[in-house]
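J.: Sequence and predicted structure are below.
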Amino acid sequence: MKNNITGSNLIETGYSEGKILGLALEILKANFTDTEEKELLALFKKVEDYPESFLDDPVLKPLATAMIEEANIPKDETIELVKHARPYAVFGSDYIKEGARNQMDIAMKLPVSVAGALMPDAHQGYGLPIGGVLATKNAIIPYGVGVDIGCRMALSIFDIPEKHYFGKDAMYKRELIAFTKFGAGREFRGLERAEHEVLDHEAFNSTTFLKNLHGKAWAQLGTSGGGNHFVEWGIIDFADRDEVLNIDKGRYVALLTHSGSRGLGATIAGHYTKLAKEICKLPKEAANLAYLDLNTAEGQEYWMAMNLAGDYASACHEVIHKRLTKAIGAKVLAKVENHHNFAWKELINGEEVIVHRKGATPAGKGVMGIIPGSMTAPGFLVRGKGETSAINSASHGAGRQMSRTKAIQSITKSDMKAILKGHNVTLIGAGIDEAPMAYKDIHKVMAAQTELVDVVAKFEPKMVRMADDGSRED
């Protein structure tokens, strides 16, 4: 009697396609030609269920050993990307380089991605491109938010007409230097330190990790970072009266600031990115997009820490604006603030999603925002139109067209001084890597997003302070 057991018969008993199945069939063919099929299937099912019991069986030992070894091979826990990137809207595609497009394509292959968009200032970053907007289903991506969590723009418009600014450069420069600090690790000490209710935020006591960051947060409260962060005096021009802000047509002195959550945010970003990469194994090209499920303890912890960093970044701006407003003896007619490098719970087609805006400005219908140009190019006070294809977003600035290295290699100090003089801008600090020529043309960027925002007023920088590159302040 000859057994007619096939691979399909063994699969029905619990075997899977692969090397183990092939080995089982070889053993069957070589050793069990005259055994009843029913008994054989029962025997091989036992081997599948309890391979350790057959390690002393001279015939079945190779099969049992192979099963045990296969079970001990670490399983590949890599989460597969979907084969084809979901479609996404692109604004100002002529100004966006291939690197940013490639990063967005990868982001749109995440299994949790729902929708996406690229803003006209987009350029390559880590994970999600800067200028990238990504909506996900119940998942938060630390690098989709970014390192400088809650980085934002804040604008105070004063009751000082333009004509009262000129001729007082020395006073404005003195106060700007006195009440701002720039650069990595910079802190206030002793009586210089500011008080703010954000320091009493309950989140600081929610985890040991956040509790240990409280001292750093207090010391850096009201400071600004390095890179493209700034505090600047300027003139804001309202071509028409704005009823919402209750500001008449005219040109006013204004204060514009750009910075984020300092060491607090950077430490939170580093900690939870590492955690996300340990939990969420993605293919190499998508590794920096590792995400945390918001239904997990880790996801909830990051969400809480991110919101704390956002509140802290806002407090830093509030401290700077209050100190400088008092120093010049002005009254604030209106204040506008918006942030990027953050994630929001929003609705798309009636479904709640997590919208990451990494270097993108919220631009829902009626939402106010500030889109800066460069230290010599104008910035724009805008009101969002709520364009759904852009996921209610707009650019967060002009965006870099040169890397910092390329800027340092191709721009001279004399080039930079000439353009500053030509625009009548006083610069305190800043390196060549922040030269205006390193940035895209803000007018082209704004022209590429007319369907996203309406321009309310134009801001012209007059005195800019940034992190010092070591050169003399002049």
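T.: Good, I have the coordinates.

J.: Buried residues in the lengthiest helix in the chain, which are they?
T.: As assigned by DSSP state H, the longest helix anywhere in the chain is helix 297-328. By neighbour count with 16 or more other C-beta atoms under 10 Å, helix 297-328 contains the buried residues 298-299, 301-322, 324-325, 328. C-beta: built from backbone N, CA, C; applies to glycine.

J.: Please apply the same query to stretch 24-31.
T.: 24-25, 27-28.

J.: Can you list which of those are found in strands?
T.: Assignment to strands by DSSP state E places none of these there.

J.: Inside helices: which ones of the residues you listed?
T.: Short answer: the buried residues of stretch 24-31 in helices (DSSP H) are 24-25, 27-28.

J.: Pull the most distant pair out of the buried residues of stretch 24-31.
T.: By the measure C-beta to C-beta, L25 and I27 form the most distant pair in the buried residues of stretch 24-31, at 7.4 Å.

J.: can you give me the strands in the stretch 251-400 of the chain?
T.: 292-293, 332-339, 342-348, 351-358, 360-362, 368-371, 379-384, 393-395 (DSSP state E, counting those that start in this stretch).

J.: out of those, nearest to M119?
T.: Judging the strands of the stretch 251-400 of the chain by C-beta to C-beta, what sits closest to M119 is strand 393-395, at 4.2 Å.

J.: what is the mean pLDDT for that closest one?
T.: For strand 393-395, mean pLDDT is 97.

J.: Break down the stretch 51-200 of the chain into its strands, ranges please.
T.: 89-90, 113-123, 130-136, 139-140, 152-161.

J.: Turn the ones you listed into CSV, columns for mean neighbour count.
T.: Output for the strands of the stretch 51-200 of the chain, formatted as CSV (neighbours: other C-beta atoms under 10 Å):
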stretch, mean neighbour count
strand 89-90, 18
strand 113-123, 26
strand 130-136, 28
strand 139-140, 24
strand 152-161, 21
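
J.: Point out the one among these that comes closest to T405.
T.: Nearest of the strands of the stretch 51-200 of the chain (C-beta to C-beta): strand 113-123, 13.8 Å.

J.: CA-only coordinates of the closest one in CSV, if you can.
T.: Extracted in CSV, the C-alpha atoms of strand 113-123 (Å, rounded to 0.1, in the frame of the first residue of the first chain):
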residue,chain,number,x,y,z
SER,A,113,-1.2,57.8,6.0
VAL,A,114,-4.6,59.2,4.9
ALA,A,115,-3.7,62.4,3.1
GLY,A,116,-0.8,64.8,2.4
ALA,A,117,0.3,68.0,0.8
LEU,A,118,3.5,69.9,-0.1
MET,A,119,3.8,73.6,0.5
PRO,A,120,5.7,75.9,-2.0
ASP,A,121,8.5,76.5,0.5
ALA,A,122,9.1,72.7,0.9
HIS,A,123,12.7,71.3,1.1
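
J.: Packing partners of that strand?
T.: Counting contacts by 3 or more C-beta pairs under 8 Å, 6 or more residues apart in numbering; DSSP states H and E, strand 113-123 is packed against strand 89-90, helix 98-107, strand 130-136, strand 351-358, strand 393-395, helix 442-447.

J.: of all these, which lies closest to G234?
T.: When these are ranked by proximity to G234 (C-beta to C-beta), helix 442-447 comes first, at 13.9 Å.

J.: gap between that closest one and the chain center?
T.: 23 Å (C-alpha atoms, centre = their mean, to the nearest Å).

J.: Identify each buried residue in that helix, please.
T.: 442, 445-446.

J.: I'd like these written out as TSV, with distance to I391 and pLDDT added.
T.: Shown next, in TSV, are those (distance: C-beta to C-beta, whole Å; pLDDT from 0 to 100):
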residue	distance to I391	pLDDT
I442	22	95
V445	18	94
M446	19	96
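
J.: Now render these as JSON lines, adding distance to R152.
T.: Listed next are the buried residues of helix 442-447 as JSON lines, based on distance: C-beta to C-beta, whole Å:
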{"residue": "I442", "distance to R152": "18"}
{"residue": "V445", "distance to R152": "19"}
{"residue": "M446", "distance to R152": "19"}
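
J.: For stretch 71-81, buried residues please.
T.: In stretch 71-81, counting by 16+ other C-beta under 10 Å, buried: L81.

J.: Next, the residues that contact it from outside, please.
T.: 51, 106, 109-111, 280-283, 286 (C-beta atoms under 8 Å, 6 or more residues apart in numbering).

J.: one step back: the strands of the stretch 251-400 of the chain: which one's closest to M416?
T.: strand 379-384 (19.0 Å).

J.: now the helices for this structure?
T.: Counting by DSSP H, the helices of the chain are 7-13, 19-31, 37-49, 61-72, 98-107, 142-145, 169-178, 208-211, 214-220, 262-279, 297-328, 404-410, 413-422, 442-447.

J.: Which of those helices sits closest to M466?
T.: helix 169-178 (11.1 Å).

J.: Report the angle between the closest one and helix 297-328.
T.: 150 degrees (axes from the mean of the first three to the mean of the last three C-alpha atoms, to 10 degrees).

J.: who are the neighbours of helix 169-178, in terms of helices and strands?
T.: With contacts taken as 3+ C-beta pairs under 8 Å, 6+ apart, helix 169-178 sits against strand 230-238, helix 297-328, strand 426-428, strand 453-466.
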